[in-house]
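1. give me the fold of what follows.
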Amino acid sequence: MGAAAVLLAGIAVPAGVLADEIVPADRVVVHKGERKLYLYKGPQLLGSYRVALGLNPSGPKERERDFRTPEGRYFLSRRNTRSDYFLSIQVSYPNKQDENNARRRGWAPGGSIMIHGLPNTPKHSPLYYTETDWTDGCIALSNSDMVEIWMRTQDNIPIDIFP
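-> Below you'll find the model as predicted:
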């Protein structure tokens, strides 16, 4: 194996990190106001990560194209290595409550909410992505943080998104 990194399912793993050292998370928590994503295994905090949110981050997502990041309990539902962004994990938005709330108002609830890394083809300077809420409603991280989230999570674990 190379000294710098090992390829695991197409993802570079830093040298010295063994699979049995990577403690899997059983819950993801996002605090939108803090711009932080936290990984937990039971009560143990495994890590905290800075995130960028939707362009209009205040309040819960209500409809398609409102540029808000949802609030509530969801689940990680699907992984994509061929995303327009560096890795992506789908969040199960909308749930039944989100669909009902949107339907009552005559709106489409939207969808395709993801946790993802930076765009594969950036349209802005690197500083823009670190200092701005820039997504359409997703939760974005640095690419290195995204690798860690990818490796520590699996489908169907809960993600709680708080204001």
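2. now Asp133, nearest residue through space, not along the chain?
-> Leu53 (4.6 Å; C-beta to C-beta, 6 or more residues apart in numbering). Where C-beta positions appear, they are placed from N, C-alpha and C, glycine not excepted.
3. now for that neighbour: which residues touch it?
-> Leu53 makes contacts with 32, 35, 69, 133, 135, 137-140, as judged by C-beta atoms under 8 Å, 6 or more residues apart in numbering.
4. could I get those as JSON lines with pLDDT and neighbour count?
-> Formatted as JSON lines, the contacts of Leu53 follow (pLDDT from 0 to 100; neighbours: other C-beta atoms under 10 Å):
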{"residue": "Lys32", "pLDDT": "98", "neighbour count": "23"}
{"residue": "Arg35", "pLDDT": "98", "neighbour count": "15"}
{"residue": "Thr69", "pLDDT": "97", "neighbour count": "30"}
{"residue": "Asp133", "pLDDT": "97", "neighbour count": "17"}
{"residue": "Thr135", "pLDDT": "97", "neighbour count": "22"}
{"residue": "Gly137", "pLDDT": "97", "neighbour count": "24"}
{"residue": "Cys138", "pLDDT": "98", "neighbour count": "22"}
{"residue": "Ile139", "pLDDT": "98", "neighbour count": "26"}
{"residue": "Ala140", "pLDDT": "98", "neighbour count": "26"}
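5. widest-spaced pair of those?
-> Using C-beta to C-beta, those span at most 14.6 Å, a distance reached by Arg35 and Gly137.
6. please identify the buried residues of stretch 52-70?
-> By neighbour count with 16 or more other C-beta atoms under 10 Å, stretch 52-70 contains the buried residues 52-54, 57, 60-63, 66-70.
7. can you give me the end-to-end distance of that stretch?
-> 13 Å (C-alpha to C-alpha, to the nearest Å).
8. and the spatially closest residue to Val29 that is not a sequence neighbour, how many neighbours?
-> Spatial nearest neighbour of Val29, excluding adjacent residues (C-beta to C-beta, 6+ apart): Tyr38 at 4.5 Å. Close neighbours of Tyr38, defined as other C-beta atoms under 10 Å, add up to 17.
9. where are the low-confidence patches of the chain?
-> Counting by pLDDT under 70, the chain has low-confidence residues at 1-20.
10. hang on, the earlier thing: tell me who's in contact with the residue nearest to Val29.
-> 28-31, 45, 47-49.
11. now do Gly110
-> 61, 63-66, 93-94, 102, 137.
12. so which of these belong to helices?
-> Counting by DSSP state H, the part of the contacts of Gly110 found in helices is Ala102.
13. okay if I get the contacts of Gly110 as TSV plus distance to Ser77?
-> What follows is the contacts of Gly110, written out as TSV (distance: C-beta to C-beta, whole Å):
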residue	distance to Ser77
Lys61	16
Arg63	20
Glu64	18
Arg65	21
Asp66	21
Tyr93	9
Pro94	12
Ala102	19
Gly137	16
